[in-house]
Each structure stands twice: as C-alpha cells, then as structure tokens.
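1. starting from these lines, generate the structure:
(one chain, ligands or ions: 2)
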Amino acid sequence: MSFDNDELRDEYPDGSVRLRNPNIELMDQDILYHLALGSGSHDLVEMFGDVKFVCMGGTPKRMEQFAYTIMAEIGHKLPCGTTLQDISQFSYRYSMYKVGPVLSISHGMGIPSVGILLHEIIKLMYHAKVRDPVFFRIGTCGGIGYEGGTVIISEEAVDGALKNAYELTVLGKNIQRPAKLDKRLARELKALADPEDPYDTVTGKTMCTYDFYEGQGRLDGAFCDFTEADKMEYLESIHKSGVVNIEMESLAFAALTHHAGIKAAVVCVTLLDRLIGDQVLAPKEVLDEWQQRPTKLVCRYIKRYLQMKGRLSLDGHGSIAVKSPRRFKLVQQESETYD
Ligand SMILES: O=P(O)(O)O[C@@H]1C[C@H](O)[C@@H](CO)O1
Ligand SMILES: O=c1cc[nH]c(=O)[nH]1
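-> Residues are numbered from 1 along each chain as shown. Ligands and ions are numbered 1, 2, ... in the order given. Prediction:
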C-alpha cells in the first residue's frame, strides 16, 4: 500500500472491505432495504463483483448524467437493444446505475441520507467481494473566498465547529469517528486538473454542516438570530482556519469510508462565494455547466486508472489527451501509485 503513516486506512490485507460488524456474516440474508437489493434475493457477486469505483452525488439526475458521461468516456457498450437501468428504482429512495466497473448513485441531501446509503453500499461491496474500491463524492458547495464555478477537492472534512470528526449518538452515547480522506487520491485528482480549464481547481479543508441555512450562516433562511456582522466574522474566521468550502455530506462520507478502509475523495463545484452572498443567483444553464466540472475530473481519473490497468484502449473513444507537459510529467509520476 502506498499510504503515508498518518493516512493508514484500516483495511484487510487483501483489499476487501472491512465491515466491523460480526453480526452480518451470521445472518441468513442481508436486505439492503434502501437499495432494493438483498444478499438472499440477488447474486451480488455476479451483479457487482467487478465494481472498482463508486461515485455519489446529491441528485438522481446528476448521477444519471454521470453514468451516461462515464459510459461515453470509457467506451462502455451496453448489450444491443438495452438502456441504462436505475437498479434501485423500486426503493424510491436512491438511484443507482452501473457502467462496467463504475457505480453511480444519488445520495440525497445531508449526513443522515448519505450515512444510510454508505452503510448499505459498504455492505454491498462486502457481499459482492469487491476489493480496493475507490469512492468519490461529486457535489456542489458554497465557496469561501472562491467564486462560483471553482472546483474544490477536499483535503479533509470538518464540522461546523471545525472538528475533524463525525459525531453521532449510539445507544445514548456520543461517539466520534475521524473524518479522514485519502490525501494521495486528492493530490492525484489535483494533478489531473487541466491548466487550460477556464476555472480554478483547488484543494483545502471542507466544512460540512447539518443545515443549508442557519447551519451555514445564511441570512436568508426562514429564521435568523444573528447579524450580518456575526455571519461575516464567522466566515472570515473559518476562512483563516483553511476552510475553502461548505457542503453537507463530506463529514459522514469521509468518516464512514475511512472506518471501512475505503479510499475516498470529495470533489465539489462552488455555486457562489459565501463571502459575497447567500443566494444561489447563477442561471440554471450556468449551474448545469458548473456541475459537469467535478464530473469531468473524476472521469479523467477513472479513465486513467483503466488505461493503466490495460482495461481501456488508447485509441478512439478511450484516449486520454494530456495537453500540458508539466501535467503529463505529474500524471506519469503519480500513475506509479495506482494499485
Ligand atoms: O451533492 P449535492 O450537490 O446535493 O451537495 C450539496 C449539499 C446538499 O446536499 C445540497 C444543498 O443544496 O448540495
Ligand atoms: O452554499 C451551498 C451551496 C451548495 N451546497 C451547500 O451545502 N451550500
């Protein structure tokens, strides 16, 4: 494994996913209720055994689009006469698409929603005997000192009080799980940003809150008990502590993947600079184009991985254009770290 000491993930040596729950293997079957799947009702190894990348984002539409984009990018062909199916459509909760080794899943809004999904997806990886999966969250966020359209790769996740841990109440007691993301993966993603992109791609600390309005210091919710000066003092102070963006899932995403020994990254696009305002004012078409930006970066990573593994041809659809010589060098060096 190519991780620095402080980045060690707690995984099994063969790369299989760590469940940390002795009850599961004693159960006759495990119903993954919110995915409309089960270990008794479905052959999960047959259906999901080849998964390498699990990509998540808030909305079903974004993740359906991501599935079509990655399908085109890696030149994946569906059997003649078939279309992409939402595997979890009858859960009426999350949407899930599978494109070869890539799963694309919507996680809804906020920590409780992404947390439930992660429990079931981590169990799905375990039942399907998937080894060394890589998880991505492809999201939107508010920038802190970054204008709308900036791509932000999270180095770590912190809560609204800048704590780098996900706290939850279990049997009436508060427990904390470190909200660690894979730093090397973040660097590899950053190295794949194209200097010719008409927007910046930056890395930094991501704040994750339990609310979009008061929790993110907005003045425009249904309730507000603080002044604009209070808000600005808070945002300036978190900015000074290295926070570059605010969203609502990274804390649980980082903590639960880390706890399961899964390599994970969060890539979000800013919809506005919170030091300037609260309302999302950009027109729909602009927002739609901005949301493609994290998608492009993650697609680039997946393509490169598959190319390294010889699972993607270099010609035609599968080709990867590396324009900048500096970037090419970085990518070459970093490619040595792919497992
Ligand atoms: O992945 P998305 O774009 O849903 O992430 C952010 C955080 C909340 O889920 C939502 C708030 O608008 O957007
Ligand atoms: O400001 C924002 C924008 C998107 N998502 C958030 O959580 N906050």
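2. all the strands of this protein, residue numbers only.
-> 31-32, 37-38, 53-57, 96-99, 102-106, 134-143, 151-158, 165-170, 173-178, 201-208, 243-247, 263-273 (DSSP state E).
3. partners of residue 142 in the sheet?
-> Counting by DSSP bridges, residue 142 forms beta bridges with residue 246.
4. wait, it sits on residue 243?
-> No. With contacts counted by Cβ atoms under 8 Å, residue 142 stays clear of residue 243, the gap being 10.5 Å. (C-beta placed from N, C-alpha, C; glycine too.)
5. which one's more surrounded, those two?
-> residue 142 (26 against 18; other Cβ atoms under 10 Å).
6. who's in contact with the more buried one?
-> Contact analysis of residue 142 by Cβ atoms under 8 Å, 6 or more residues apart in numbering lists 216, 245, 246, 247, 270, 271, 272, 273, 274.
7. residue of this protein nearest ligand 2, please.
-> For the chain and ligand 2, the shortest gap (Cβ to the nearest ligand atom) falls at residue 142, measuring 2.6 Å.
8. kindly reformat the contacts of residue 142 as TSV containing pLDDT and distance to residue 229.
-> As requested, these are arranged in TSV below (pLDDT from 0 to 100; distance: Cβ to Cβ, whole Å):
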residue	pLDDT	distance to residue 229
216	98	17
245	99	22
246	99	19
247	99	25
270	99	24
271	98	24
272	98	20
273	98	18
274	98	15
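9. just among those, which is most surrounded?
-> residue 245 (30 neighbours).
10. what residues does the stretch 1-150 of the chain have near ligand 1?
-> With Cβ under 6 Å from any ligand atom as the criterion, the stretch 1-150 of the chain comes near ligand 1 at residues 57, 58, 109, 110, 139, 140.
11. closest to residue 22 out of these?
-> Distance to residue 22 across these (Cβ to Cβ) is lowest for residue 110, with 29.4 Å.
12. count the neighbours of the closest residue to the closest one other than its chain neighbours for me.
-> Using Cβ to Cβ, 6 or more residues apart in numbering and skipping residues adjacent in sequence, the residue nearest residue 110 is residue 248, 4.9 Å away. Using other Cβ under 10 Å, residue 248 has 23 other residues around it.
13. residue 248: what's it in contact with?
-> Counting by Cβ under 8 Å, 6+ apart, residue 248 touches 109, 110, 111, 208, 209, 210, 211, 212.
14. I figured the fifth one hits residue 246, correct?
-> Yes. Under the contact definition of Cβ under 8 Å, residue 209 touches residue 246, with a separation of 6.2 Å.
15. where do the contact lists of the two overlap?
-> Common neighbours of residue 209 and residue 246, using Cβ under 8 Å, 6+ apart, are residue 216.
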